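Enquirer: I need the structure of the sequence given here:
(chains A and B)
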Amino acid sequence: MTDLTRLHAHEMSPLLRVGEVSSRALTEAHLAAAERQNHSLNAWLVIYRTEALAQADAADRRLAEARRTGPAALAALHPLCGVPVGLKDLVSVKGGQATAGSKILAGYIAPFDSTVTARLRQAGAVILGKTNMDEFAMGSSTEHSAYGPTANPWDLTRVPGGSSGGSAAAVAAFHVPLAIGTDTGGSIRQPASMCGVVGMRPTYGRVSRYGIVAFASSLDQIGPFGRDVRDAAILLHAVSGHDRRDATSAPIPVPPELLSLPDSDDEAASYLRGRRIALPREYFVEGMEPGVAARVREAVAAMQAAGAKVEEVSLPHTDYGLATYYIIAPAECSSNLARYDGVKYGFADRSSGEFIADYLRTRGAGFGPEVKRRIMLGTYALSAGYYDAYYLKAQKVRTLIKADFDAVWAAGFDSICAPTSPTVAFPLGAKLADPVAMYLIDACTLPVNMAGLPGVSVPAGLSDGLPVGLQIVGAPWSELSMLRLARAYEAITARATWRAVEPAELHLTDDPTTPSPAERMTRHTQGASATGSGGQA
Amino acid sequence: MTAAPAAAGKSAALERYEAVIGIEIHCQLKTVSKMFCGCSTEIDGAAPNSHCCPVCLGLPGVLPTINRTAVEWVLATGFAIEATVAPTTRWDRKNYFYPDLPKGYQISQYQLPLAANGRLTFDTSEGPFTVRVRRAHLEEDTGRLIHDELGGRRVSLIDFNRSGMPLMEIVTEPDIRTAEQARRYAEELRLLMRTIGASDAEMENGQMRVEANVSIRPRGQESFGTRVEVKNMNSMRAVERAIAYEIERQAVAVDAGETIHMETRGWDEARQSTYHMRPKEEENDYRYFPEPDLPPLLTSPEWLAGIKARLPELPSVRRVRYREAFGLSAYDADVLVNDAAAAALFEGALAAGAGVPAKLLANWVTGEYMRLAKGGEGSGGGAAGRVDAAELAALVKLVAGGAISGTNAKEVFGEHFASGAGVASIVKARGFRQISDAGALGAAIDQVLAANPAAVADYRAGKAAAVGFLVGQVMKATRGQANAGMVQTALRERLDKAE
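Expert: Now for the predicted structure:
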């Protein structure tokens, strides 16, 4: 029998419906892979074996019932019914942990489901477990997790990217076909790029943030990871849509076509004919690895050859993206994270017997250095006398960044293509002492968040044996056409040799003597400062 | 420390110093659910932390959603105080750490309040006075800290039932000059809240919280003195006394060469004085910024027009109408307007009985009805009876037409109040009718004079009050049915003539 973990979700779904494979069998296979390999990847913070199997059995019953009822009942089931998914550990699941990668939330048990969780349950998805992440989604490497770093299955000495590195690595390592991440400054697209999978950030307001531990409210969005575009679209469909619990979620219908992106490569590729693709010159930044620039230009050339019209454009305010992001996101996080005070839940140090002192001790010991740095930055930016110069100014620049993109859409372009990350996955510990280098990793993803736009990273080949991501950005609410374009690119490169390459060091993860990522990082960072870290989200 | 006598308003200090007072009032709004979640607002007497959910507990990942009714109450208040209502309003986060503040910030309104630049006019002992209202905005309440002892250890417990209750904050300009004006402003605002239905505004249970910023300056000086914030005033009387005390305290201190410090002081009801709570050396930096979890709120002209159209008659308008349309005294008009039940009875009786004399009716409502409603003698121990407006109208018409004496009418009213029986049937059952026949009264008066020689002697010795006793005796002899006015006139005539 074929290895069930190699199946895509869109392949599982028909098998589940006809009863050729059970959700229990799928879930068992994925649980076994995750449990066997987690010590060397640390992609999972918790694996829900018992609950996942119970959900799998429930899905099998729903499938059986629908089979008995008839074709209409089967068709009414969501394609995710019975399919295992992973959730970043900031998605609230009733009765389960939600650490957000932080010590300060250790022991907290969510008493409610996030809207994303509720919609996944409704679809019949099986929640396999919670994935590792940078603390409160602050970072670009998953090294800022209080529960140790995650390794990249392509090279276990390297980072998977971040902050949703656990989700990206779990999908790349075939532990789940799909996972949920969040993207505040690139935290889905960048790890997707570094792990060689598809990762997509929807338009701000497309997916409800209710029940997702907040980092920066005006930038956070929830999105899917998958190993191909069709799978990502299916997961996006399941979790999208207006939610009255989130006043910033939009009452815009979710296109049902997300569930029927073409299976045929020829049909998918035909979408490229006549599409206008903008190539922003500012995104081919200094310091970009030649291998990354080469793969992205090859990808664009391939789309051009398939009928797309490619033109260079300018997004003149791109340079200010990073600086303004590092005012707005920390400002919002300084307020969002004020609730972690040790009074109500999670980690608490109440040894002083006086509440202000207890606050200081709890937050001093409960937050990691990167989170503290951003809280301090944000507190400063919002302080009386600085608000106008920093926060207000940054919001104005944000408007200009958005206007840059608006001009591209007004000029009639269908999408913008750019690199996702200027580099491939870097070694564990390599950038912890060099925050500027870490911040620059995010230069190509941050502006998309500032403008609230949807963006997807799709695998575009390898550089020195490591994955490179192509970023496709669309106009607001254009997820369907953006994913059609991504699917078209996937189709025209379907026979490329690099597509058949599996993560190079995946075989090592089965070996119990393989060191854990934490052990590797300690080796790499001996002597390096642990305080000089940075990265986006 | 300075001791200061606090005889309200009669201070010598006020001749040399002028007080400058601004008032901040927080009102809990009358809504079914809390400000940003679906929890019930019926928290009075509820077990601690029984009215909470993930949202009002500020659990990780929760988001607020706006309570439309709460917004409407603030807009209605805005219209009632002639304020400018914002076409677009926004929410801001006020950031500070405190254990009763579960999110570490309070969702409030900073830059764009729902209503701004209003005014409220009310009567004082020195005539009408107008206070400018700077702003009225919406925010959420905090939880409540309870300091207690548990197993011999001093502990602080938190009850989050109040967390997320909708609060309206109303801030005046520093227009108020006396403690009486401050109390009257708070009273008028409370009446306004109750009239439009926005809040029950009970001070005793914290539904309405009044805080005053008080400073003094030498008369004639333009610039403001250092202001002191006064809190913990749990009744209208406390508002007036606390502010009067604080003015006097500051005047005595300045006279003694002391410097007034920015501080928060509390009113100590037992000691009738204010005490230092905490210094206020600098303004707290609350790091306000726009709440990213809530989009700006647009107040459409149609929505606003609907709210305006649903406003009831406001107290100021009703007072004028009572005076001008019914000829009531300013005092009676005010008493009625201040008591919603009394005003409803008054209006109901007017509507029910064509030709009821309004002034006489007002006397009955402000007199007998309110006396009994407040649990006065004959009310049945304070268990408020129900008065039917049509029955009251009928009774007042009987009195006005001379068909029943005032004394009997009170008995009838008392019985109606207690049993709900109809006026006509009570009058009939008791056989009440007014004796206005001079002959019949004359006989009764003769008997009373003969039976009470001492009182007659007293009267003749110059004790005019003795006539009242004799009137009472006649009324008693006639079972209250005598026309009291006629009895009095006839008695005096006879007593004076026989001299």
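Enquirer: just for the chain, where's the confidence low?
Expert: Defaulting to chain A. By pLDDT under 70, the weakly predicted segments of chain A are A:1, A:524-537.
Enquirer: look at chain B instead
Expert: B:1-11, B:281-283, B:378-385, B:498-499.
Enquirer: give me that answer again for 80
Expert: Chain B contains residues with pLDDT under 80 at B:1-14, B:280-284, B:353-354, B:375-386, B:401-403, B:405, B:431-440, B:464, B:497-499.
Enquirer: can you give me the strands in chain A?
Expert: Using DSSP state E, the strands of chain A run over A:44-47, A:84-88, A:126-131, A:178-183, A:198-201, A:221-226, A:276-280, A:309-313, A:415-419, A:455-463, A:466-473.
Enquirer: can those strands go into JSON lines with extra columns for mean neighbour count and distance to chain B?
Expert: In short, each C-beta sits where N, CA and C put it, glycine included. Formatted as JSON lines, the strands of chain A follow (neighbours: other C-beta atoms under 10 Å in any protein chain shown; distance: least, C-beta to the nearest C-beta, whole Å):
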{"stretch": "strand A:44-47", "mean neighbour count": "22", "distance to chain B": "15"}
{"stretch": "strand A:84-88", "mean neighbour count": "31", "distance to chain B": "12"}
{"stretch": "strand A:126-131", "mean neighbour count": "28", "distance to chain B": "13"}
{"stretch": "strand A:178-183", "mean neighbour count": "30", "distance to chain B": "11"}
{"stretch": "strand A:198-201", "mean neighbour count": "32", "distance to chain B": "17"}
{"stretch": "strand A:221-226", "mean neighbour count": "29", "distance to chain B": "11"}
{"stretch": "strand A:276-280", "mean neighbour count": "19", "distance to chain B": "27"}
{"stretch": "strand A:309-313", "mean neighbour count": "14", "distance to chain B": "30"}
{"stretch": "strand A:415-419", "mean neighbour count": "25", "distance to chain B": "25"}
{"stretch": "strand A:455-463", "mean neighbour count": "27", "distance to chain B": "20"}
{"stretch": "strand A:466-473", "mean neighbour count": "28", "distance to chain B": "22"}
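Enquirer: So which of the ones you listed is nearest residue A:513?
Expert: Proximity to residue A:513, assessed across the strands of chain A by C-beta to C-beta, is greatest for strand A:44-47 (19.8 Å).
Enquirer: just how off-centre is stretch A:425-445 within its chain?
Expert: Its chain's C-alpha centre and that of stretch A:425-445 lie 17 Å apart, by C-alpha atoms, centre = their mean, to the nearest Å.
Enquirer: what sits against the single nearest residue of the stretch 1-150 of chain B relative to chain A?
Expert: For the stretch 1-150 of chain B and chain A, the shortest gap (C-beta to the nearest C-beta) falls at residue B:104, measuring 2.4 Å. By C-beta atoms under 8 Å, 6 or more residues apart in numbering or on different chains, the contact list for residue B:104 reads A:335, A:337-339, A:341, B:58, B:95-97.
Enquirer: tell me what the longest helix belonging to chain B is packed against?
Expert: Longest helix of chain B, by residue count under DSSP state H: helix B:236-255. In terms of contacts (3 or more C-beta pairs under 8 Å, 6 or more residues apart in numbering or on different chains; DSSP states H and E), helix B:236-255 is packed against helix B:13-16, strand B:17-28, helix B:179-196, strand B:208-218, strand B:228-233, strand B:263-268, strand B:273-279.
Enquirer: So which other helices or strands are in contact with the first one?
Expert: If you count contacts as 3+ C-beta pairs under 8 Å, 6+ apart, helix B:13-16 packs onto helix B:236-255.
Enquirer: burial of residue 307, as a residue count?
Expert: Picked chain A for this. As a burial measure, residue A:307 scores 15 neighbours (other C-beta atoms under 10 Å in any protein chain shown).
Enquirer: my bad, chain B
Expert: Neighbourhood size, residue B:307 [other C-beta under 10 Å]: 20.
Enquirer: so it sits right up against residue B:80, yeah?
Expert: No - using C-beta atoms under 8 Å, residue B:307 makes no contact with residue B:80, being 10.3 Å away.
Enquirer: ok, now which ones touch residue A:244?
Expert: By C-beta under 8 Å, 6+ apart, the neighbours of residue A:244 are residue B:65.
Enquirer: cool, residue A:483 as well?
Expert: Contact partners of residue A:483, counting by C-beta under 8 Å, 6+ apart, are A:200, A:229, A:232-233, A:236, A:258, A:261, A:456.
Enquirer: 6 Å instead, please
Expert: A:229, A:233 (C-beta atoms under 6 Å, 6 or more residues apart in numbering or on different chains).
Enquirer: gap between the residue of the stretch 301-450 of chain A at minimum distance from chain B and residue A:363?
Expert: Nearest residue of the stretch 301-450 of chain A to chain B, counting by C-beta to the nearest C-beta: residue A:338, 2.4 Å away. To residue A:363, residue A:338 is 9 Å away according to C-beta to C-beta, to the nearest Å.
Enquirer: go on, residue A:517?
Expert: Distance, residue A:517 to residue A:363, by C-beta to C-beta: 27 Å.
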